[in-house]
Each structure stands twice: as C-alpha cells, then as structure tokens.
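Trainee: A predicted structure for the sequence below; I have some questions about it.
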Amino acid sequence: MKSLKLSSSAGEPTHPLALCNPHPAGLERGEPAIVVSHLGVKYRSVEALRDVSAVAHSGRLTGIIGPNGAGKSTLLKAMLGLVPTTSGQVLCGGKPLSEQLERVAYVPQRSQIDWTYPATVWDVVMMGRVRKTGWFRRFSAVSRRTAAAALERVGMSDYRHRRIGELSGGQQQRVFLARSLAQEADIFCFDEPFAGIDQKTQSVIFNIFHELAADGKIVLVVNHDLGESITHFNDLILLHTEIIATGNRQQVLTPENLYRAYGGQVIFFSDAA
C-alpha cells in the first residue's frame with residue numbers, strides 16, 4: 001500500500017459514445033456493448049447523477065468506483081430502469097437496456113435483501129431459472145442441472161438445503177452469484193458484492209467474474225475499495241455525481257482524477273495504476 005498526496009490539477013473526463021450491437025458477427029472482445037449517454041437522476045431536489053456518459057465493454061470486467069454518495073449504485077439501477085431518470089438513455093445494441101432485462105442478471109447490495117425470508121439455498125438459485133421456465137410451471141431437468149452446476153461452481157453444493165439466513169455473509173453472496181449464473185445471462189450487474197465478505201469468497205467471485213468476461217459477457221461491478229482488489233478490473237468508471245474519468249485502470253487511476261473524486265489524500269494499491 002502507499003499513500004499519495006494529490007495535486008488539485010485535473011484532466012477532462014472522456015465520454016466515448018460509439019454504438020454497437022453486443023452480439024453481431026465479428027464483434028471483438030472489448031468493444032463497447034452498453035452505452036450510457038447523458039444520464040441524469042434526481043431524488044426530489046437532490047441531483048444524484050449529472051450528465052453521465054460511459055460505455056461497458058463485452059469481455060472486460062468494468063468497475064464503477066467513487067466516494068460514498070457518489071451515485072455508484074444509482075448509476076447501476078438507472079441503467080436497468082430500476083430508478084427514474086431525468087435525462088439521457090442507456091442502449092445495448094441500439095435498444096434501451098431496460099427493455100432487455102431478460103438478458104440481465106442483477107445482484108443488489110446485501111442490505112437490500114430480506115435474509116429472514118424462509119428460502120433455502122436451492123430455492124434462491126432456482127429463482128434464477130424462473131424467467132426461462134415461466135411462472136407456475138415446473139422446473140425442467142435442464143433447469144435443475146443448470147442450478148446444480150451453478151452451486152458447484154461457487155462451492156456451495158453442500159449447503160443446498162440450508163436456509164439462506166443461516167449462512168455467513170460470504171456464503172450468502174456466493175449463493176446469489178450462483179443464482180445469477182443459473183440465469184445464463186449475457187449481462188451481469190453486481191452492487192458492492194465484496195462488502196462484508198471473507199478473502200476466500202472474494203477470490204471465488206473474482207475468478208468467476210474473469211471467467212464470465214473471458215466468455216464475452218458484460219460484467220459491471222459497483223466497488224468501493226481502492227485496495228488490491230482494484231487490480232482485477234480491466235476498465236473503470238470513476239464517478240462523483242458526474243463522470244470524472246472512464247477507461248482502463250491506467251487512464252482512470254491518475255492522481256488528478258482521484259483528487260477530483262476524493263479530494264485531499266487517497267490510499268490505493270501501489271500497482272493499481
């Protein structure tokens with residue numbers, strides 16, 4: 001770890017806005033797949049996001065970072081149409097992303113989940129198969145095999161009959177990761193998945209994130225930590241109500257950009273930039 005004193009000078013953020021379809025023939029990994037254009041969000045009179053433009057690339061792990069209250073979770077929710085926007089649009093393949101939610105696996109912050117709900121680990125993972133199966137229809141053998149494989153992938157097969165509320169924070173996060181895998185989605189969105197979990201679970205989650213990216217998926221992660229974990233991300237979106245910078249780690253994690261976002265002094269992993 002090292003501590004950096006940051007100057008007050010700053011560069012201008014970039015706003016790449018090239019549109020493309022995430023699955024056309026010949027699409028190369030790393031090309032833009034989700035395009036956020038001039039997005040704005042207000043909660044009553046409070047401006048949560050201002051003129052946010054950014055892209056998320058297929059085949060790359062993209063982190064959304066910034067200080068507390070910067071609008072990180074709001075950006076992810078606004079992209080998915082879960083909170084109303086005052087301006088802008090979010091397109092995937094030229095169509096609103098909010099109209100393609102069948103392609104999206106979304107895992108909210110753990111604080112937003114009711115852990116007292118009497119569901120087992122298996123119940124939660126099978127919820128990921130509901131959209132493909134349909135409501136009030138029996139799950140197929142394929143769905144059951146898919147869910148079992150997802151549990152095995154996150155190392156939670158032995159807990160399938162346990163109540164979700166009886167698990168540790170790291171185990172709970174693994175189960176919800178398994179649910180997202182069971183959805184067989186194209187786009188994976190996670191809101192602070194590393195909050196309050198153990199190092200082993202963090203390693204498991206990052207390994208799977210990298211596997212998803214290697215498969216050409218779009219992986220978006222809200223992350224509050226500027227420690228060693230930041231080195232796992234290919235691209236970053238640095239926010240403080242508005243875009244400070246977007247691009248790869250080296251482009252975003254500059255002293256000037258970090259000063260604009262966090263002010264004063266910031267500590268981050270020495271090999272991050």
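Mentor: Yep, it's here. Numbers count the residues shown, from 1 in each chain.
Trainee: all contacts plus neighbour counts: C-alpha atoms, from now on.
Mentor: Will do.
Trainee: can you give me the end-to-end distance of stretch 121-132?
Mentor: Distance between the boundary residues of stretch 121-132 (CA to CA, to the nearest Å) amounts to 19 Å.
Trainee: does residue 247 count as helix, strand or coil?
Mentor: strand (DSSP: H, G, I helix; E, B strand; the rest coil).
Trainee: Likewise for residue 122?
Mentor: Under three-state DSSP, the three-state class of residue 122 is helix.
Trainee: Skipping its backbone neighbours, what lies nearest it in space?
Mentor: residue 160 (4.8 Å; CA to CA, 6 or more residues apart in numbering).
Trainee: Hmm, that neighbour is touching residue 119, no?
Mentor: No - with contact defined as CA atoms under 8 Å, residue 160 does not reach residue 119; the gap is 10.4 Å.
Trainee: so where's the protein shaky on pLDDT?
Mentor: The chain contains residues with pLDDT under 70 at 1-32, 134-137, 264-273.
Trainee: just the helices in it please.
Mentor: In chain order, the chain shows helices spanning 72-79, 121-127, 130-133, 141-153, 169-182, 199-214, 249-252, 255-262, with DSSP state H as the criterion.
Trainee: Can you lay out these as TSV showing mean neighbour count and distance to residue 222?
Mentor: Output for the helices of the chain, formatted as TSV (neighbours: other CA atoms under 10 Å; distance: least, CA to CA, whole Å):
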stretch	mean neighbour count	distance to residue 222
helix 72-79	22	6
helix 121-127	21	22
helix 130-133	13	25
helix 141-153	18	22
helix 169-182	24	14
helix 199-214	17	13
helix 249-252	17	15
helix 255-262	21	15
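Trainee: for those helices, which one sits closest to residue 191?
Mentor: The minimum distance between residue 191 and the helices of the chain falls on helix 72-79, with 6.4 Å, by CA to CA.
Trainee: in stretch 236-256, what counts as buried?
Mentor: Applying a neighbour-count criterion of 16 or more other CA atoms under 10 Å, one finds 236-249, 252-256 buried in stretch 236-256.
Trainee: Residue 202: what's its closest spatial neighbour, skipping adjacent residues?
Mentor: What sits nearest to residue 202 in space, not counting adjacent residues and going by CA to CA, 6+ apart, is residue 194, at 6.3 Å.
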